[in-house]
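Asker: This is a predicted model, with the sequence first.
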Amino acid sequence: METFFVFKVSVICLQKIAMERDIVVSASSLFLQYGYKAVTMDDIAEHMHISKKTIYVHFSDKTSLVRSAVFHVFEEVKDKIIAVQSSIENPIKALYETKKIAVEVLGKKDKSPQYQLQKYYSSIYAEIRKKELSALGETFKMNLNKGIESGLFRASIDTEFITRIYFNGFRGLRDIELFPPEDTDIDLIIGKYIDYHLRAIVTPKGLNFLEEYNETI
């Protein structure tokens, strides 16, 4: 009897975890498509064909759900970036591939989830920004070292300094005061930023490759 009780409790716990994950995944998709402020708990419930009460069993309020969704997306993006940086040997190509991932997350300018996250959930936005360098810094340094080893990047660059400068600059691209979403093509400015970054660290060999590669994208 005791064994059956333990088994039943375990099943209930797994079902609870599965439902919570389903809510986070569904909410994340809607938030990225329409924005963190625009999507309501009713929208999520309707999308999932469940009651709003079910959502509140797992999340006390919308802010807690937004936080879980933001961290869920962050982990997915982190894994994608690490996979790209690990699988593509050419560091210039790898950076442009990570740009595609970033553009998917940052969204269209008319429904920018980043804009709504910064404006309405600033503490969550600040929290996720703090994680970026620690989570992806080593992967970016690997990119720089690949560039040095292949002769595409100058051997004299300080990889720690360049890493921090790059992440700081990328944060600036998402600053809604510097780059208002309604006036900004995120795909365009990230591409310009990567080009700006690369031209500061490439060798003549790297510059030739960069200019040839830019003609193909």
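Answerer: Right, received. Where do you want to start?
Asker: what residues are up against Y213?
Answerer: Contacts for Y213 were tallied using Cβ atoms under 8 Å, 6 or more residues apart in numbering; they are 92-93, 96. Using the backbone N, CA and C atoms, a C-beta is placed for each residue, glycine as well.
Asker: Buried among these? Need that as a selection in PyMOL.
Answerer: Restricted to buried positions by 16 or more other Cβ atoms under 10 Å, the PyMOL selection for those reads:
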select buried, resi 92+96
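Asker: Out of the contacts of Y213, the closest to F74 would be?
Answerer: Set against F74, the nearest of the contacts of Y213 by Cβ to Cβ is Y96 (21.1 Å).
Asker: Tell me the pLDDT of that closest one.
Answerer: On pLDDT, Y96 comes in at 96.
Asker: One more: the one 5 residues further on?
Answerer: Per-residue confidence (pLDDT) for I101: 91.
Asker: quick one: what helix or strand has the closest residue to it other than its chain neighbours in it?
Answerer: Leaving aside its chain neighbours, I101 sits nearest to K80 (5.1 Å; criterion: Cβ to Cβ, 6 or more residues apart in numbering). Under DSSP states H and E, the secondary-structure element containing K80 is helix 62-87.
Asker: So what touches the next helix or strand after that helix?
Answerer: On the C-terminal side of helix 62-87, the closest following helix or strand by DSSP H and E is helix 91-106. With Cβ under 8 Å, 6+ apart as the contact definition, helix 91-106 has outside contacts at 32, 73, 77, 80-81, 84-85, 88, 112-114, 143-144, 146-147, 150, 152-153, 174, 186-187, 190-191, 194, 197-198, 202, 206, 209-210, 213, 217.
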